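Asks: Structure, please.
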Amino acid sequence: MIDFNVVNVILAGFGGLTVLGITEVLKRFLKVSGFFAVLISLIVSAGFTLYYFLMAGFPGVLQYLAYTLVVFLTANGIFKATHGGS
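Replies: So this is what the prediction gives:
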């Protein structure tokens, strides 16, 4: 089960750095678009998720992969994370 509070914490980032912010900076710096932009977003999402999981005691590889996928999809607007209430 995915806890969207955790997804939101990962997306919010650490020390003022966010998944979206770092992704955009890298895409502009490397001047990439299309497939490579998506790949950068996936790498950044995986990195932020890994950092969070290492700080949280790394619960497991399958959970890491699931959270990476949800963070990636949410960061790219493909999956809208909703939580709580209606």
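Asks: Could you measure from Leu50 over to Ser33?
Replies: Relative to Ser33, Leu50 is positioned 25 Å away (C-beta to C-beta, to the nearest Å). For the C-beta atoms, the positions are set from N, CA and C on the backbone; glycine is no exception.
Asks: These two: which has the busier surroundings?
Replies: Set Leu50 next to Ser33 and count neighbours by other C-beta atoms under 10 Å: Leu50 wins out with 15 against 9.
Asks: and the more buried one, what is it in contact with?
Replies: Leu50 makes contact with Tyr64, Thr68 under the criterion C-beta atoms under 8 Å, 6 or more residues apart in numbering.
Asks: For it, give me the pLDDT.
Replies: At Leu50, the model reports a pLDDT of 91.
Asks: my guess is it is in a helix, correct?
Replies: Yes: using DSSP: H, G, I helix; E, B strand; the rest coil, the assignment for Leu50 is a helix.
Asks: And it, how close does it get to Gly34?
Replies: For Leu50 relative to Gly34 (C-beta to C-beta), the value is 25 Å.
Asks: Now for this protein, the helix or strand with the poorest mean pLDDT.
Replies: In the chain, the helix or strand scored least confidently by mean pLDDT, DSSP states H and E is helix 4-12, which has a mean of 83.
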